[in-house]
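Engineer: based on what follows, work out the 3D shape:
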Amino acid sequence: MDRLLRRREIDAIGLPAIAREAQIPLSSIYHLFPTVEAAYIGLIRRYNVLMDRDLEPVIRGSTSTGWQDLARALLAAARAFYAQHPVVARLALGPITHQAARASDDSHIAELATRFAAEVHRRFHAPRTTALEQRFAIAMAISDRVWSLGLTEDGTIPDFLFEESVRAVLGYLGHYLPSCLELRSEIAA
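Structural biologist: Predicted coordinates:
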C-alpha cells in the first residue's frame, strides 16, 4: 500500500487497487481489510509501531535539562520520522476523510502524550497538573496541525513551520508547566 500511496492521492485508492499492488486476490484483501478505511487503519498502526520505536530513545534517553528541550527533541524526532516516511506523513498530517483512521491517529497521540507526561514526572519535580496527559495530547495535535499547513509531497516539514510548531507547543504547555523544573537527583547525577 505504501508504493500505491506514493503514486496516488489517498482518496483515489480502492481495495481492487490495493489487491493489484500487493499481487494478491481481491478476496484476500476483503478478508484482511473489509474496507479501504480498515486498510488505512492497518497502515497507520504499522507506522505507529515504527514511530514508537524511533521516539522511545528520545523520550527515555534525552539528556535535556528542561521540559522545553525535551519537547523540542520529541518534535524534532517526529519531524525526522515523517521525512523518512512520507506516506505516513500524508496520512497523519493530510486531510483524512476516514474518521476511524483519524481516531486511530488520535489514539496514538494520546499514547505518546501519556509516555511524555510520565517522562516529565520521572525527570523533573513537576507539579501534579490536572489532565497533563490530555494537555500534552493537545500540544501534539497543535504541532500536527501547524505542520499540515506546509507539508511537502516528500514528507518534509519546512523549517519555518517546525519552529512555529515549537513556539506554539511551548507556549501552550507553558500555561500548565513552570518554565523551570528542578531535575530529580537521580537524573542530575
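Engineer: any idea of the pLDDT on residue 143?
Structural biologist: pLDDT, residue 143: 95.
Engineer: ok, it - how many residues close by?
Structural biologist: 25 (other CB atoms under 10 Å). For the C-beta atoms, the positions are set from N, CA and C on the backbone; glycine is no exception.
Engineer: leaving out the residues flanking it, which one is nearest to it?
Structural biologist: residue 165 (4.1 Å; CB to CB, 6 or more residues apart in numbering).
Engineer: what about that neighbour, which helix or strand?
Structural biologist: Residue 165 belongs to helix 159-173 when assigned by DSSP states H and E.
Engineer: any buried residues in that helix, and which?
Structural biologist: For helix 159-173, the neighbour count (16 or more other CB atoms under 10 Å) marks 161, 162, 164, 165, 166, 169, 170, 173 as buried.
Engineer: residues touching the fourth one, list them.
Structural biologist: Under the criterion of CB atoms under 8 Å, 6 or more residues apart in numbering, the contact list for residue 165 reads 75, 142, 143, 146, 147, 157.
Engineer: swap the cut-off to 6 Å and go again
Structural biologist: Contacts for residue 165 (CB atoms under 6 Å, 6 or more residues apart in numbering) come out as 143, 146, 147.
Engineer: wait, which of the buried residues of helix 159-173 is closest to residue 54?
Structural biologist: residue 162 (16.7 Å; CB to CB).
Engineer: tell me the SS of the spatially closest residue to that closest one that is not a sequence neighbour?
Structural biologist: Distances taken as CB to CB, 6+ apart place residue 79 nearest to residue 162, at 5.7 Å, with adjacent residues excluded. Using DSSP: H, G, I helix; E, B strand; the rest coil, the structure places residue 79 in helix.
Engineer: what segments of this structure are helices?
Structural biologist: Along the chain, the stretches classed as helices by DSSP state H are 2-7, 15-22, 26-32, 36-61, 67-84, 86-93, 99-123, 132-148, 159-173, 185-188.
Engineer: need the winner for burial among those.
Structural biologist: helix 86-93 (a mean of 22; mean count of other CB atoms under 10 Å).
Engineer: that one to helix 36-61, inter-axis angle?
Structural biologist: Relative orientation of helix 86-93 versus helix 36-61 (axes from the mean of the first three to the mean of the last three CA atoms, to 10 degrees): 100 degrees.
Engineer: just to revisit the earlier point, how about the helices of the chain, which one is nearest residue 179?
Structural biologist: Closest of the helices of the chain to residue 179 is helix 67-84, at 7.6 Å (criterion: CB to CB).
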